[in-house]
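1. okay, predicted coordinates and the sequence, questions at the end:
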Amino acid sequence: MNCSPQRHSTKFGTPVDYRLTLYGVHFVFLSIFLCVVSITLQVIGFTAISTVCARCSFILFLIFIAFSLSNQIFIAPRNSSSYNKWLEFNPVENLNICVVMTAYNDEESIGISVKDFKTREFVGEVIAIDNNSTDKTSAIAEQAGARVYRESIQGYGACCMRALKEGLKSNCNVVCLVEGDGTFSGSDLKKLVAYLENADMVIGTRTTIELNTPDSQMNLFMQYGNVFMAKLLQLRFWKVRLTDLGCTYRIIRKDSLARIIERLTITGNEFLCEMTLAALEENLKVIEVPLSLKKRIGKSKGVGGNIYKGFMTGMRMWRLILFN
């Protein structure tokens, strides 16, 4: 029997999309909610209304069954043979990484971040994208050894897209996207690189609490909120394991990035969800790796640990996952 790993194929095929099953799960949530309401009404004596809620709960559960079976019987079999979810082995020859950093008023951290990544093995170049900073971010990044570009369109997603496009223009064969706020460590780059021979894109997860400093932005709401949204996306495709849709730190093969770059349009904080979704829709193989997370240097300009901003970003991610 041949037990050797399969070589990476350039035939990507069509992904299996379990969107109907994902819709059905939402009906399950509603069914459970109505079931609890029904029991509560029964206890306090509103028997008639309780019966109506119970029947509605049962109908919603039947809808879930219908959606799931339809997805499994009529949709999944048509595409299941076009995607190989098992082991592939495709080392990157002459690995040369271009690190592209997003920055906005990060004069306190950008120099430290640039130097941290420039010293790492296989890093050929560091590019910093200044998203209309009003401080010395650009000057400090240049002094630290980065090539700096300014992105005039304001927004985290706009900054990320510009960074990735500049990465595509470089002489590298792998692009690493990361924030320049000091939350991520250049030493973790080796963790991402280690899995690239088995994937097209390797993304980090910040939800492994043992790897977070106590003062990092990953409070309980952010941790479990990211896990919940990631599992929704995982449920839609079933070919990936995800626990974090908001982690910037990721590496992607240059040819794989070229496949998805035109699909990326979101300028807001939900950009990373769109990027992961685009990769899965293009049938790229995505692997997630736990990374360390530190307290950011300076003031957060994005979601940070803000519960309201986190909730609104989560709702935009939810809309992307269900309807994009």
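-> Perfect, I can see it now. Numbers count the residues shown, from 1 in each chain.
2. ok, which stretches of the stretch 101-250 of the chain are helices?
-> 110-118, 137-144, 156-169, 189-196, 220-237 (DSSP state H, counting those that start in this stretch).
3. will you turn these into JSON lines that also has mean neighbour count, mean pLDDT and distance to residue 29?
-> Every residue, glycine included, has its C-beta placed from N, CA and C. Converted to JSON lines, the helices of the stretch 101-250 of the chain look like this (neighbours: other Cβ atoms under 10 Å; pLDDT from 0 to 100; distance: least, Cβ to Cβ, whole Å):
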{"stretch": "helix 110-118", "mean neighbour count": "23", "mean pLDDT": "96", "distance to residue 29": "40"}
{"stretch": "helix 137-144", "mean neighbour count": "20", "mean pLDDT": "97", "distance to residue 29": "43"}
{"stretch": "helix 156-169", "mean neighbour count": "21", "mean pLDDT": "97", "distance to residue 29": "28"}
{"stretch": "helix 189-196", "mean neighbour count": "18", "mean pLDDT": "96", "distance to residue 29": "33"}
{"stretch": "helix 220-237", "mean neighbour count": "19", "mean pLDDT": "88", "distance to residue 29": "11"}
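4. residue 52: which of those helices is closest?
-> For residue 52, the closest of the helices of the stretch 101-250 of the chain is helix 220-237, at 29.3 Å, according to Cβ to Cβ.
5. contacts for the closest one, please.
-> Contacts with helix 220-237, where a contact means Cβ atoms under 8 Å, 6 or more residues apart in numbering, come from 15-19, 21-22, 25, 206-207, 209, 240-246, 273, 276-277, 280, 303, 305, 307, 310-311, 314, 317-318, 321-322.
6. how much space separates the nearest residue to residue 175 once chain neighbours are set aside from residue 197?
-> In this structure, residue 175 finds its nearest non-sequential neighbour in residue 167, 3.6 Å apart by Cβ to Cβ, 6 or more residues apart in numbering. With the distance defined as Cβ to Cβ, to the nearest Å, residue 167 ends up 20 Å from residue 197.
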